[in-house]
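K.L.:
no letters, just coordinates:
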Ligand SMILES: CC(=O)N[C@@H](CCC[C@H](N)C(=O)O)C(=O)O
């Protein structure tokens, strides 16, 4: 079937959501769209609450003994889309490039099926804003709206470009890294391009700092541990013949251990002090939003791996941990559960302007998760 035609309502939903990516805590149209769909379902078993731009939907079970939760993220990224889609983003400079459009469509699919065929346990669907930043999970967890419906177990998925459709992957224990954003502002002295000796050039200072930051993982972190320091953005200066008075470096830090996170930050601070002294400039460091690791509950993940491994249409992989971050980790700090990767088979990675996940994964995930929730949420005879 050519791209652009579909008979699957959840593919249509994914495409509608793909058109309207919004940054964290500004998911206003997204929230409206989701609410409209949720209100179109039979309402007898549903209770709905909103929290900022997020949504909580509780589905009453037949004979509940626990509350099981399924969580999806909602926000898009500041990326100008370069896909071949006829349903490209209508929000200039923003794109669903991390699969949250698929995640939301899958959540609505699971919700619809479990409204039609309720299970014994109560269910909570968590539509969480701002996963890409500044982080919606932590404040949502602390909100009275969430606390009133605090689930006993919680689950989520994330699309994985590298796996074929039908493949899922996870592991017990640590799955995703601890993260910290990184913003460094450098202020020197601007001036005429022809008089460098009268200025302090922040383009040169920032360039030195970026290369020095790359020595941290190579020279200061135990090679048997893992860490990442990525600088994703540098801005500075105003014109080609004006020496830049300001420069800003933006990046992210990833580590598996908190000791390494602390070590990376100490080294950043030392290197920044060196730049201040060496280039006679002022520097300010801001660590922005921090996420804790995603740690899958061993007692829930192992049976899930065994259960999914027996499904005819699923290839279950026990994967390695990744340096990705996810504020779903905050839910898992308080509530047992797990996250798994869902194969969507695309050559472009997460956060790439050309990523085109295979939409066939939507039905795979809806079927799998619905069956899993029914498996753990129905009383054994
Ligand atoms: C799954 C994924 O790609 N998550 C993001 C989380 C971003 C955390 C924060 N804004 C940061 O950049 O540190 C990721 O980049 O891994």
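P.N.:
It's in. The shown structure was predicted, so the numbers you read here are calculated from the model rather than taken from an experiment.
K.L.:
now check the longest helix seen in the chain, is it near the ligand?
P.N.:
Longest helix in the chain by number of residues, with DSSP state H as the criterion: helix 258-279. No - figure legend: helix 258-279 not in contact with the ligand (CB under 6 Å from any ligand atom); closest approach 11.4 Å. Just so you know, the C-beta spots here come from the backbone N, C-alpha and C atoms, and that holds for glycine as well.
K.L.:
other SSEs contacting that helix?
P.N.:
strand 178-187, helix 202-220, strand 227-236, strand 246-255, strand 282-286 (3 or more CB pairs under 8 Å, 6 or more residues apart in numbering; DSSP states H and E).
K.L.:
distance to the ligand, mean neighbour count and mean pLDDT for the ones you listed - can I get that in CSV?
P.N.:
Shown next, in CSV, are the helices and strands packed on helix 258-279 (distance: least, CB to the nearest ligand atom, whole Å; neighbours: other CB atoms under 10 Å; pLDDT from 0 to 100):
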stretch, distance to the ligand, mean neighbour count, mean pLDDT
strand 178-187, 4, 21, 98
helix 202-220, 15, 17, 98
strand 227-236, 8, 16, 98
strand 246-255, 4, 21, 98
strand 282-286, 12, 14, 98
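K.L.:
which one of those lies nearest to residue 96?
P.N.:
Proximity to residue 96 (CB to CB) singles out strand 227-236 among those, at 18.3 Å.
K.L.:
so what does the very next helix or strand once past the closest one touch, helix or strand wise?
P.N.:
Next helix or strand after strand 227-236 toward the C-terminus (DSSP states H and E): strand 242-243. Contact partners of strand 242-243 among helices and strands, from 3+ CB pairs under 8 Å, 6+ apart: strand 191-192.
K.L.:
quick revisit: how about TSV for the helices and strands packed on helix 258-279, with distance to residue 345 added?
P.N.:
Shown next, in TSV, are the helices and strands packed on helix 258-279 (distance: least, CB to CB, whole Å):
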stretch	distance to residue 345
strand 178-187	26
helix 202-220	30
strand 227-236	25
strand 246-255	25
strand 282-286	38
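K.L.:
picking that back up, in the longest helix of the chain, which residues are buried?
P.N.:
Neighbour-count burial for helix 258-279 flags 260-261, 263-265, 267-268, 271-272, 275-276, 279 (criterion: 16 or more other CB atoms under 10 Å).
K.L.:
could you do stretch 77-89 as well?
P.N.:
Here stretch 77-89 shows 77, 79, 81, 83, 87, 89 as buried, counting by 16+ other CB under 10 Å.
K.L.:
those residues: which two are farthest apart?
P.N.:
Most distant of the buried residues of stretch 77-89, by CB to CB, are 77 and 87, 16.9 Å apart.
K.L.:
so what's the nearest residue to residue 213 once chain neighbours are set aside up against?
P.N.:
The shortest distance from residue 213 to any residue other than its chain neighbours is 5.4 Å, reached at residue 229 (CB to CB, 6 or more residues apart in numbering). Applying CB atoms under 8 Å, 6 or more residues apart in numbering, we find residue 229 in contact with 182, 213-214, 216-217, 251-253, 264, 268.
K.L.:
for residue 229, give the beta-bridge partners.
P.N.:
Residues in a beta bridge with residue 229, per DSSP bridges, are residue 253.
K.L.:
the stretch 251-381 of the chain against the ligand: which residues are in contact?
P.N.:
By the rule CB under 6 Å from any ligand atom, the part of the stretch 251-381 of the chain lying against the ligand is 252, 289, 291, 324-326, 350.
K.L.:
tell me which of the residues you listed is nearest to residue 25?
P.N.:
Comparing these against residue 25 with CB to CB places residue 289 closest, at 11.7 Å.
K.L.:
circling back: next, give me the two most distant ones among the buried residues of helix 258-279.
P.N.:
260 and 279 (27.9 Å).
K.L.:
on that earlier part again, could you give the mean pLDDT of the longest helix of the chain?
P.N.:
Averaging pLDDT along helix 258-279 gives 97.
K.L.:
now that helix against helix 202-220, angle please.
P.N.:
Per axes from the mean of the first three to the mean of the last three CA atoms, to 10 degrees, the angle that helix 258-279 makes with helix 202-220 is 140 degrees.
K.L.:
just the angle for helix 258-279 relative to strand 282-286, thanks.
P.N.:
Using the same axes, to 10 degrees, helix 258-279 lies at 160 degrees relative to strand 282-286.
K.L.:
need the buried residues of stretch 77-89 in TSV with distance to residue 61, pLDDT and secondary structure, can you?
P.N.:
Formatted as TSV, the buried residues of stretch 77-89 follow (distance: CB to CB, whole Å; pLDDT from 0 to 100; DSSP: H, G, I helix; E, B strand; the rest coil):
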residue	distance to residue 61	pLDDT	secondary structure
77	36	98	strand
79	40	98	coil
81	40	98	coil
83	40	98	coil
87	36	98	coil
89	38	98	coil
